[in-house]
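Engineer: Model the following, please.
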Amino acid sequence: MSKYAVTNPATSEVLAEYPQISDADLAEAIGRANAATRGWGRSSTIAERAELVRRIGDLHAERRDELAAALVKEMGKPLAQAYGEVDFAADIYRYHAEIAPEELADQPIGLRAGTGSAVIRNAPLGVILGVMPWNFPFYQVARFAGPNLAIGNSVLLKPASQCPQTGELIAKIYADAGAPEGAFEMIFAGTDQIAGVIADPRVQGVSLTGSERAGIAVAEQASRHLKKVVLELGGTDPFIVLSTDDLDAVVADLVAGRLDNSGQSCNAPKRAIVVSELYPAFTEKLVAAMAKVEATDPFSDGCELGPVSSLGAAEGLADQVRRAVEAGGQLLLGGTRDGAFFAPTVIAGIPRGSDIFYEEMFGPVALVYEVADEDEAVAVANDTPFGLGSYLYSTDPAQVDRVANQIDAGMVFVNCVLADGAELPFGGVKRSGFGREMGRLGATEFVNKKLIRIA
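Structural biologist: Numbers count the residues shown, from 1 in each chain. Predicted structure coming up:
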């Protein structure tokens, strides 16, 4: 079987296979990308590049039916959520088109001595490699490629091996939007080839969204060749509940966040950490709410939960649930699978210190922990090697401010879930990676902040 293939996780049917790129074709793609950033990237204006990015966003919106259907077939995303991803991707492109003229404009520096002037110019850095995941094929590419094109960097995109069709659709959109030759190159490359791409002196940076293991490998390769890196890796995001006037709404938020994308979102709430006075009622309501959701055909009307991304992913998740129970966790609901369809699952009280306590579960599994007070909640929340997102529920503004400052994470969402926005920076700390995408911080991650001093 080809390394790149579309396999419908709902049916296990192989829908299409794609050959891996040859070394010769890969070299030519890098050459085209390098020529594009040295030509178009430097000669075009910010306004011209912003207009290109805007057109790319508009084409995502115009082709949303075709793009959403591809998402469902490739990785099992429920259709309504697939539409949501495509629309979000379109918004990200449009956002970066809107802010590029301001964010990328020359920044004057007031001189403390001497005459003349000085500015910081946000110049293109060069060819940037994007190694993208399977769970959000359009959204992830938008937040990586959109700002880089606005900067004038050319983009080499390696899609996930199970998402070649969405990759082809993206490439067609870029071409139809008028991207110059080489500004966007799709490469169906293998892992060994990616190491060579990173080593290539024409490539100036790497952005990876994926597993911790992949991030370590890419960071090692990039550091060896002194390349800038942005990494967005996994997370075991805490969902801290300290007080509320509406426990049903809090539970509904957790269920919505945990089951979004069939539980396969890096920054989804994964560990509910609940104070003792709320814990019994919270847990009872959580189990009841999760039990109402059934994994169904992702094309069906009203589908809330589809299959996980593959049969292998479902088998791995089942093994994690087994190990969680063996370690001392209490299985309150679910834990079963039918092919790649995994039942909504709730596990309480996995002991701190066990190996499984520190693992990310990528699927519709909610973990629940009882804590005595705010201090213990923070301690449990921070007892993780990851630090991507976090969620905090409290009716006390002073407590919100205090606890938010103590959480070791790149993002804190207070009394809300699924509140990401194109204008909000995305990224983490610790083993969840470094650097930011989206928002104004993401607009200038891969720029040459060039000083121009004129006497």
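
Engineer: Now for the residue nearest to Pro101 when sequence neighbours are not counted: which residues touch it?
Structural biologist: Of all residues not flanking Pro101 in the chain, Ile46 sits nearest, at 5.4 Å (CB to CB, 6 or more residues apart in numbering). C-beta coordinates here come from the backbone N, C-alpha and C atoms, glycine included. Neighbouring residues of Ile46 by CB atoms under 8 Å, 6 or more residues apart in numbering: Ala100, Pro101, Leu104, Ala105, Ala150.

Engineer: For the stretch 51-200 of the chain, just list every one of the helices.
Structural biologist: Listed in chain order, the helices of the stretch 51-200 of the chain (DSSP state H, counting those that start in this stretch) span 64-75, 79-103, 137-151, 164-177, 191-199.

Engineer: what's the closest of those helices to Tyr369?
Structural biologist: Closest of the helices of the stretch 51-200 of the chain to Tyr369 is helix 79-103, at 27.5 Å (criterion: CB to CB).

Engineer: That closest one - contacts with which helices or strands?
Structural biologist: Under the contact criterion of 3 or more CB pairs under 8 Å, 6 or more residues apart in numbering; DSSP states H and E, the helices and strands touching helix 79-103 comprise helix 46-62, helix 64-75, helix 137-151.

Engineer: tell me the most buried of the helices of the stretch 51-200 of the chain?
Structural biologist: Per-stretch averages of neighbours, counted by mean count of other CB atoms under 10 Å, single out helix 137-151 among the helices of the stretch 51-200 of the chain, with a mean of 28.

Engineer: tell me the mean pLDDT over that one?
Structural biologist: Averaging pLDDT along helix 137-151 gives 97.

Engineer: separation between Ser211 and Ser276?
Structural biologist: In this structure, Ser211 and Ser276 are 35 Å apart, going by CB to CB, to the nearest Å.

Engineer: quick revisit: out of the contacts of Ile46, which is nearest to His60?
Structural biologist: Ala150 (15.6 Å).

Engineer: what sits against the closest residue to Tyr93 other than its chain neighbours?
Structural biologist: Take Tyr93 and drop its neighbours on the chain: the residue closest to it by CB to CB, 6+ apart is Gly57, 3.0 Å away. If a contact means CB under 8 Å, 6+ apart, then Gly57 has Ala89, Ala90, Asp91, Ile92, Tyr93, Arg94, Ala97, Ala142, Gly146 as its contacts.

Engineer: let's go with 7 Å and repeat that
Structural biologist: Applying CB atoms under 7 Å, 6 or more residues apart in numbering to Gly57 gives the contacts Ala90, Tyr93, Arg94, Ala97.

Engineer: all strands of the stretch 301-450 of the chain, in order?
Structural biologist: Secondary structure of the stretch 301-450 of the chain (DSSP state E, counting those that start in this stretch): strands located at 330-333, 337-338, 341-342, 345-348, 365-371, 386-387, 391-393, 413-414, 429-430, 433-434, 447-454.

Engineer: The ones you listed: which one's closest to Phe184?
Structural biologist: With respect to Phe184, and counting by CB to CB, the nearest of these is strand 447-454 at 18.1 Å.

Engineer: End to end on stretch 302-310, go ahead and measure it.
Structural biologist: Distance between the two ends of stretch 302-310: 22 Å, counting by CA to CA, to the nearest Å.

Engineer: in it, what counts as buried?
Structural biologist: By 16 or more other CB atoms under 10 Å, the buried positions in stretch 302-310 come out as Cys303, Glu304, Leu305, Gly306, Pro307, Val308, Ser309, Ser310.

Engineer: With respect to Phe357, which of those residues is nearest?
Structural biologist: Of all the buried residues of stretch 302-310, Phe357 sits closest to Val308, with 21.4 Å by CB to CB.

Engineer: how about that closest one, what does it touch?
Structural biologist: Neighbour list for Val308: Pro9, Gly76, Ser262, Gln264, Ala314, Leu317, Ala340, Phe342, Gly363 [criterion: CB under 7 Å, 6+ apart].

Engineer: my read is Val229 is in a strand, agree?
Structural biologist: Yes - using DSSP: H, G, I helix; E, B strand; the rest coil, the assignment for Val229 is a strand.

Engineer: Find the nearest non-adjacent residue to it, please.
Structural biologist: Val229's closest residue in space is Ala222 (CB to CB, 6+ apart), at 4.5 Å.

Engineer: can you count the residues close to that neighbour?
Structural biologist: Per other CB atoms under 10 Å, the neighbour tally for Ala222 reads 20.

Engineer: cool, Ser354 as well?
Structural biologist: Burial measure for Ser354: 15 neighbouring residues, criterion other CB under 10 Å.

Engineer: And Asp58, by the same measure?
Structural biologist: Number of residues near Asp58 (other CB under 10 Å) recorded here: 16.

Engineer: gap between it and Pro351?
Structural biologist: With distances defined as CB to CB, the gap from Asp58 to Pro351 amounts to 52 Å.

Engineer: swap in Asp237?
Structural biologist: Between Asp237 and Pro351 the distance, using CB to CB, works out to 20 Å.

Engineer: So for the two, which sits in the more crowded spot?
Structural biologist: Higher neighbour count among Asp237 and Pro351: Asp237, with 31 against 12, using other CB under 10 Å.

Engineer: show me what contacts the more buried one?
Structural biologist: Listed by CB under 7 Å, 6+ apart, the contact partners of Asp237 are Asn267, Ala268, Pro269, Lys270, Leu388, Gly389, Ser390, Tyr391.

Engineer: And the chain, split by domain according to the record?
Structural biologist: 4-233+432-454, 238-421 (automatic domain parsing).

Engineer: Just the local confidence number for the residue nearest to Pro101, please.
Structural biologist: The confidence metric pLDDT takes the value 98 at Ile46.

Engineer: Tyr4 now?
Structural biologist: Note on Tyr4: pLDDT of 94.

Engineer: What's the local residue count around it?
Structural biologist: When neighbours are defined as other CB under 10 Å, Tyr4 has 22 of them.

Engineer: again, but for Lys430
Structural biologist: Close neighbours of Lys430, defined as other CB under 10 Å, add up to 17.

Engineer: which residues does it bridge with?
Structural biologist: Each beta-bridge partner of Lys430 is listed here, defined by DSSP bridges: Phe386.

Engineer: Would you mind measuring from Leu209 to Arg323?
Structural biologist: Quick fix: residue 209 reads Thr, not Leu. Spatial separation of Thr209 from Arg323 under the definition CB to CB is 26 Å.

Engineer: Could you do Ile56 as well?
Structural biologist: With CB to CB as the criterion, Ile56 and Arg323 are 43 Å apart.
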